Every structure is written in C-alpha cells, then in structure tokens.
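1. Need coordinates for the following:
(chains A, B, C and D)
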2 protein chains.
Amino acid sequence: MARAGVTVERLTLAAAELADEVGVENVTVAALARQFGVKDASLYFHLRNAHELRVRIALLALAELADRVAAALAGRAGKDALVAFANAYRDYAREHPGRYAAMQIDLDPETAAASAGVRHAEMTRAILRGYRLSEPDQTDAVRMMHSTFHGFVSLEKTGGFRHTPRPTDDSWSRTLDALDAVLTNWPSR
Amino acid sequence: MARAGVTVERLTLAAAELADEVGVENVTVAALARQFGVKDASLYFHLRNAHELRVRIALLALAELADRVAAALAGRAGKDALVAFANAYRDYAREHPGRYAAMQIDLDPETAAASAGVRHAEMTRAILRGYRLSEPDQTDAVRMMHSTFHGFVSLEKTGGFRHTPRPTDDSWSRTLDALDAVLTNWPSR
DNA sequence: GTAGTAGCCTAGCCCTCTTAGGCAAGCGAT
DNA sequence: ATCGCTTGCCTAAGAGGGCTAGGCTACTAC
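-> Residues are numbered from 1 along each chain as shown, chains lettered A, B, ... in the order given. So this is what the prediction gives:
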C-alpha cells in the first residue's frame, strides 16, 4: 500500500485553498481526507482536531498577508505607504476570502503572539511614522486604521454596500483620502 | 400529549439567546429542540432548515439594533448624534455577541431589502445631514463610518487589540473624535 | 360528531468528528 | 539480510447534527 505523503504543511495549504473555494466553515476534515485519497481518521495522525486545521489556515494567511504588505510597503512613506498597505490588505482579502475569514477566528494569546500578526502591528506603526503621532494617539490611530480596513473589506464581502450603486472602489479610494487627512491632522483632545 | 407551543417567534428568540451564549455557529436545531422539550425533527415543521434559523436571528438583531439606534438618535444632531449612534451600535454588539455575529451572514438581496438594514442606512444618512455632505461624498462617508464601527467592534471582539495595553474605550472615543473631524472637513478631490 | 389540519412523534439515512486498536512499509542497527 | 521500531495509513465504532418520510393525535371549524 503506497503512502499518500500527507504532511501538516500540505494539509494546511490544501485546507486554505479549500477555504477560499467553499468558505472556512466548510473546510472539513472529511473533505480534506477525500482530497488526499485518505480516510478521515488518518488525518488525526497529523492534526489534533478540526479546530487546529482552521487555526493553521489563519496562521498561514497572516504570514502570507504580512509578506505582501511588506513588499507593498518597500520604499514608500506617508500617504503612499498608507495606500499601498490598504490595497495589499484589501486585495489579499478579495483574492483569498476563505483565508481572510480564517484570520478572524480568535487565536489564544500565545499562538497570536507567535503569529505573523505582530508583523502587521509593526508595519502599521511604521506607516504612522510619516504622520508624526506620539502615544497614545499612535495606538488610537493604528486601531482606527485597522478598523477601517477590516470593516470596509468585511462589509464589502458580505454585501453590505450592495444597496447603493456607487462603485466600492471609488468609496475605498475616498476613504483612504479621508484616513490620510485625519492622520495628517489628528484632532487634539 | 400536551403541545409544546413552539412558534417561529419563540424559536427565533430562543435561538438568539442561545447564540449570545454559545455563538451562532453552535446554534443547532437539535439544541433548540432540547430547550423546547421537543424532538429535532419536529422543528422542521416551523423551519425550512438550519440556515433559516440563523437568518431569522440576523433579522431579529437588525431590527433590535435599529430600534436602539433610533432611540439613541432622538433629538440629537451633529457629533452628538454620531457618538450616540456609535455607542448604541457598539453596546449592542457587546451585549449580544451572537446576535451581532449573525448580522454578518449575507442575506440574499430581497431578504436584505425587506430587513431593518435599510433603516440603518437611512439613519446613518440622517447623521450626515449635520455635516452637509452631498453625493457622492455622502455615500463614501456612510461607508467609511459603517466600516469604522463594524471594524472596531469586530476587532475588539476577536481580541485584535489585546496586544496593546491602552484601554479600548479610550481608543474608541478618540476614533469617534477623528471620524467627526474628518466628516467636518471632508477632503475634496 | 366528523373532516381537516396543525403539531408533534418515530424511524432512518447521511454526514462529520473523534478515539481505539491494528497492520504494513520503510528505516536504523546489528 | 533481518530484526525491530517508528511512521503512516487502515478499519471499526460511537456520538452528534441535519434532514426526510410517514404516522398519530389533539384541536378547530363546520
């Protein structure tokens, strides 16, 4: 009997692709086993449980996104960097809806600390260097930025903007203008 | 054999409460049936399938939230209205995490059009009257506002802000200041 | 009081998750 | 080469959940 050559890495990648096709909630151990031509039970040799599978998708996505953002950010500063970050973020979410959704599951603290999520935080703060904000304004601004990006992308995906004809691309670009404006002129207390 | 007195309304309400306790993804037809002292199969007399149950939770939540926001908005204008809206939104999401999560599932267009979601859109636009924005800026601003609210609340819930000690309440209030500032001074093209 | 229907039930199928225990392929050491 | 050990797969089996088909019963309308 030939071995199927299943590894955690191959499983995770296949799971991520499956997630993009059918949604994270439908990424099932059984479906994955079928893809590898293997019985469901066999995957528990590589995986603790179905939840770990989703966590692994999330970690993969966080790392991939961090790489993309880092590449987009290279050599840019100020609004240029803001827009590059934002577009890398949104593009990734649209190309990989399942992976993006997986990113939203909450990781336990130590897993999160070891994830590429920390790189996101660092890069976001790096952007703000162009806007000369000091603490605690910087933290607030980071949170607002992230909220705006995530909120927009998330609402766009679930069709929250569908009821108005205006192209979402236009709203996105104007939202970034507004974000740039408010970061440039961060209101003092 | 006494009848259990199951109705779609009672089912939906129980499901919503269950969702707040254990998460929407764990709202199961079987669990609900147990709560009503009834067999699972019996619920299919009232419900088409498990998905309908979640849709009903979403619609309930949209209506409840719209009521709250409307109450919060009464007699307010400008930044006052903005803050009231935002807090009503965030408070609801925190008190009813399961209902809030249910709100994010995408409804098919006609269901969405018949939902209380349209009231949200109207009220959001009403707030912007205080800021004198005309189309298409108004649409962009509505989208940005909604994105910010949803993004913040969503990230807060999934622990996205945990890695920084700053109280989220403070960041929230400063984010609203920033939003007010940018709406007041919406950047022209 | 009888017909009809609304509200529940049992039986049963399929799918998923997960554990327990077995067998066989390949590797390292003798 | 072969003996054993580990790795990678297997079968078996139980617990749930989703859902359908078909049946019984209590209430309702006439």
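
2. Count the residues that sit near residue A:63.
-> Residues lying near residue A:63 (other CB atoms under 10 Å in any protein chain shown) number 14. C-beta: built from backbone N, CA, C; applies to glycine.

3. how about it, secondary structure?
-> Following DSSP: H, G, I helix; E, B strand; the rest coil, we place residue A:63 in the helix state.

4. wait, it sits on residue A:116?
-> Yes - the pair residue A:63 / residue A:116 is scored as a contact, 4.1 Å apart, by CB atoms under 8 Å.

5. show me what contacts residue A:10?
-> Going by CB atoms under 8 Å, 6 or more residues apart in numbering or on different chains, residue A:10 touches residue A:36.

6. let me redo that: residue A:148
-> A:175, A:179, B:144, B:147, B:148, B:151.

7. for residue A:57, same thing?
-> A:12, A:15, A:16, A:19, A:24, A:27, A:98, A:99, A:102.

8. Give me the contacts around stretch A:157-165.
-> Contacts for stretch A:157-165 (CB under 8 Å, 6+ apart): A:93-94, A:97, A:100, A:154-155, A:168, A:171, B:104-107, B:109, B:112-113, B:117-118, B:121, B:139, B:142-143, B:146, B:150.

9. Could you identify the buried members of those?
-> When those are checked for burial by 16 or more other CB atoms under 10 Å in any protein chain shown, the buried set is A:93, A:97, A:100, A:154-155, A:168, A:171, B:104, B:107, B:112, B:117, B:139, B:142-143, B:146, B:150.

10. looking at chain A, which helix or strand does the model trust least?
-> Ranking every helix and strand in chain A by mean pLDDT, DSSP states H and E puts helix A:109-113 at the bottom, with a mean of 90.

11. Show me what the helix or strand that that helix is followed by is packed up against.
-> Sequence-wise, the next helix or strand downstream of helix A:109-113 (DSSP states H and E) is helix A:117-128. Applying 3 or more CB pairs under 8 Å, 6 or more residues apart in numbering or on different chains; DSSP states H and E, one finds that helix A:117-128 contacts helix A:50-73, helix A:78-95, helix A:137-157.

12. Any idea which of the ones you listed gets closest to residue B:40?
-> Residue B:40 lies closest, by CB to CB, to one member of these: helix A:50-73, at 22.2 Å.

13. got the buried residues for the closest one?
-> Neighbour counts using 16+ other CB under 10 Å place A:53-62, A:64-66, A:68-70, A:72-73 of helix A:50-73 among the buried residues.

14. distance between it and the chain's centre?
-> Put simply, helix A:50-73 sits 6 Å off its chain's centre (CA atoms, centre = their mean, to the nearest Å).

15. do that helix and DNA strand D meet at all?
-> No - using CB under 7 Å from any atom of the strand, helix A:50-73 never reaches DNA strand D; the gap is at least 11.9 Å.

16. Give me the subset of the contacts of residue A:57 that lies in helices.
-> Among the contacts of residue A:57, DSSP state H puts A:12, A:15, A:16, A:19, A:98, A:99, A:102 in helices.

17. Can you name the two of those residues that sit furthest apart?
-> Greatest spatial distance in the ones in helices among the contacts of residue A:57: A:12 and A:98, 12.5 Å, computed using CB to CB.

18. Check what pLDDT the closest residue to residue A:7 other than its chain neighbours gets.
-> Nearest non-adjacent residue to residue A:7, counting by CB to CB, 6 or more residues apart in numbering or on different chains: residue A:46, 7.0 Å away. We have a pLDDT of 92 for residue A:46.

19. May I have the residues that are in contact with residue A:46?
-> Counting by CB under 8 Å, 6+ apart, residue A:46 touches A:6, A:7, A:8, A:11.

20. again, 7 Å this time
-> By CB atoms under 7 Å, 6 or more residues apart in numbering or on different chains, the contact list for residue A:46 reads A:6, A:8, A:11.

21. Okay, the residue nearest the centre of chain A and residue A:61: tell me how far apart.
-> Nearest to the mean C-alpha position of chain A, by CA atoms, centre = their mean, lies residue A:100 at 4.7 Å. Between residue A:100 and residue A:61 the distance, using CB to CB, to the nearest Å, works out to 7 Å.

22. what's the answer for residue A:107, then?
-> Distance, residue A:107 to residue A:61, using CB to CB: 12 Å.

23. gap between the spatially closest residue to residue A:152 that is not a sequence neighbour and residue B:155?
-> In space, and not counting its chain neighbours, residue A:152 is closest to residue B:147: 4.0 Å by CB to CB, 6+ apart. Going from residue B:147 to residue B:155 by CB to CB gives 12 Å.
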